[in-house]
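Undergrad: dropping a prediction and its sequence here:
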Amino acid sequence: MTDSLLHFLQLIQRNSSRPTEPAENSNRKKVTVQSLQRLYKKNVPITVMTAYDYPSGLMCDKTGMDICLVGDSLAMTALGYESTNDISFDEMLHHSRAVARGCKNSFIVGDLPFGTYETSANQALDSSIRFLREGKVGAVKFEGGKEVFEQVCKIVSAGIPVMAHIGLTPQRASALGGYKVQGKTVEKAKKLLEDALALQEAGAFSLVLEAIPTPVATFITKRLTIPTIGIGAGPHCSGQVLVYLDMLGMFDRFMPKFCKVYGEVGSITENALLEFKKEVIAKSFPDEKLHCYSMESAEEAERFKDWVAQVESSDNVNI
Ligand SMILES: Nc1nc(=O)c2c([nH]1)NC[C@@H]1CN(c3ccc(C(=O)N[C@@H](CCC(=O)O)C(=O)O)cc3)CN21
Ligand SMILES: CC(C)C(=O)C(=O)O
Ligand SMILES: [Mg+2]
């Protein structure tokens, strides 16, 4: 068998483990704020997935996610920081550009990291402009209720769509006493609804509800005219979001109750690496026929052998 035929067979073998069905939305159009609004009006759930780099952006796009969120959770999941508050804006931009290179049709939202929007509406607008220009996102997201009202107004009036985020707001974990479910009493639920209405009033195009009891998130969703995106907020939100490396079983530090592992990619990866190590030590990888290159022709191979023999019989090791 020729090298090229073997290589061809190898490609077929690799492709056999890939999904055979074409992605449902493989020919779909670019998602926009307007097309998201249409889904919401038709009661079609909005699918949101976080992405951190080129391969995850590519996967979100190819599987037809409506929104690809470059979440600051990447600080912990992709970069191993202790908290989301440890990531810099420059690092977020670096990752977001990589996501954008892989993500052609999903609507890309960038999560403003801690310290880039709290000071003033002007600071928030400057950061948002940078995210669009340098991070190649289509919208920004940031955490907070009424206290970020001015920021949302300012950014929206500059023509940048804003996704809001209330409930468990990880950047404020210290003040919340940790990663705790929010809105578990009537008073706290009431405050969440007030925040949600204020953010809608300010012009947010959607709202993330994180770790909120189902009845509270359901009621907030019912009272709003913009879509809610739930993560640990029950099945009655207008859409759902999960953290990419969590749903693939690739994060080892904690597993919130709201996360479902859809594929054990972590253990698959671990087994693959162990197998590679085993085969290298046993010298069964690389396979001479499958993974190696030969000389241009049998004649050239013969000439090379002769030359080696000549060198080896000579006293001059430096040729
Ligand atoms: N990998 C990862 N996934 C995330 O969802 C995530 C991050 N990182 N980093 C930033 C924040 C932190 N998040 C978290 C972290 C832990 C819980 C958690 O374990 N919560 C408890 C609830 C405790 C209570 O009852 O109040 C749980 O059991 O789910 C929730 C959200 C969400 N975000
Ligand atoms: C979980 C989503 C909403 C998020 O904020 C993040 O990934 O950072
Ligand atoms: Mg976030």
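TA: Good, I have the coordinates. Everything numeric here is computed off the predicted structure, so don't read it as measured data. Ligands and ions are numbered 1, 2, ... in the order given.
Undergrad: can you tell me the residue of the chain closest to ligand 2?
TA: The minimum distance from the chain to ligand 2, using CB to the nearest ligand atom, falls at Gly71 (2.2 Å). Glycine gets a C-beta too; all of them are placed from N, C-alpha and C.
Undergrad: which bits of the stretch 1-150 of the chain sit near ligand 2?
TA: With CB under 6 Å from any ligand atom as the criterion, the stretch 1-150 of the chain comes near ligand 2 at residues Thr50, Leu69, Gly71, Asp72, Ser73, Asp111.
Undergrad: export stretch 301-308 to CSV, keeping only CA atoms.
TA: Output in CSV follows, covering the C-alpha atoms of stretch 301-308 (Å, rounded to 0.1, in the frame of the first residue of the first chain):
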residue,chain,number,x,y,z
ALA,A,301,16.2,4.4,-0.1
GLU,A,302,18.8,2.0,-1.5
ARG,A,303,21.2,4.8,-2.2
PHE,A,304,20.7,6.1,1.4
LYS,A,305,21.5,2.7,2.8
ASP,A,306,24.7,2.5,0.8
TRP,A,307,25.7,6.0,2.0
VAL,A,308,25.1,5.1,5.6
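Undergrad: contact partners for the residue in the stretch 101-250 of the chain that ligand 3 sits nearest to?
TA: The stretch 101-250 of the chain approaches ligand 3 most closely through Asp111 (4.4 Å), counting by CB to the ion. Listed by CB atoms under 8 Å, 6 or more residues apart in numbering, the contact partners of Asp111 are Leu69, Val70, Gly71, Asp72, Ser73, Met92, Val140, Lys141, Phe142.
Undergrad: how about the residues of this structure by ligand 3?
TA: Residues of the chain found near ligand 3 (CB under 5 Å from the ion) are Gly71, Asp72, Asp111.
Undergrad: return the distance of the residue positioned nearest the centre of the chain relative to Thr225.
TA: By CA atoms, centre = their mean, the chain has its centre lying nearest to Ala51, at 1.1 Å. Here Ala51 is placed at a distance of 28 Å from Thr225 (CB to CB, to the nearest Å).
Undergrad: can you show me the strands along the stretch 101-250 of the chain?
TA: 107-111, 139-143, 162-167, 206-210, 228-231, 239-242 (DSSP state E, counting those that start in this stretch).
Undergrad: and the longest one, anywhere near ligand 1?
TA: What that stands for is strand 162-167. No: shown here: strand 162-167 not in contact with ligand 1 (CB under 6 Å from any ligand atom), separated by at least 9.9 Å.
Undergrad: who does that strand touch, helix- and strand-wise?
TA: Applying 3 or more CB pairs under 8 Å, 6 or more residues apart in numbering; DSSP states H and E, we find strand 162-167 packed against strand 139-143, helix 149-157, helix 186-202, strand 206-210.
Undergrad: would TSV of these with mean pLDDT be doable?
TA: Listed next are the helices and strands packed on strand 162-167 as TSV, based on pLDDT from 0 to 100:
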stretch	mean pLDDT
strand 139-143	99
helix 149-157	98
helix 186-202	98
strand 206-210	99
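Undergrad: just give me the neighbour total for Phe107.
TA: Look at Phe107: counted by other CB atoms under 10 Å, it has 24 neighbours.
Undergrad: tell me the pLDDT of the closest residue to it other than its chain neighbours.
TA: Distances taken as CB to CB, 6 or more residues apart in numbering place Val31 nearest to Phe107, at 4.1 Å, with adjacent residues excluded. For Val31, the model assigns a pLDDT of 98.
Undergrad: and Val31, what is it in contact with?
TA: Asp66, Ile67, Asn105, Ser106, Phe107.
Undergrad: what sits against the second one?
TA: This points to Ile67. Residues counted as contacts of Ile67 (CB under 8 Å, 6+ apart) are 31, 36, 46-49, 106-109, 229, 239, 241.
Undergrad: so Ile229 bridges to which residues?
TA: Beta bridges link Ile229 to Val208, Gly239 when assigned by DSSP bridges.
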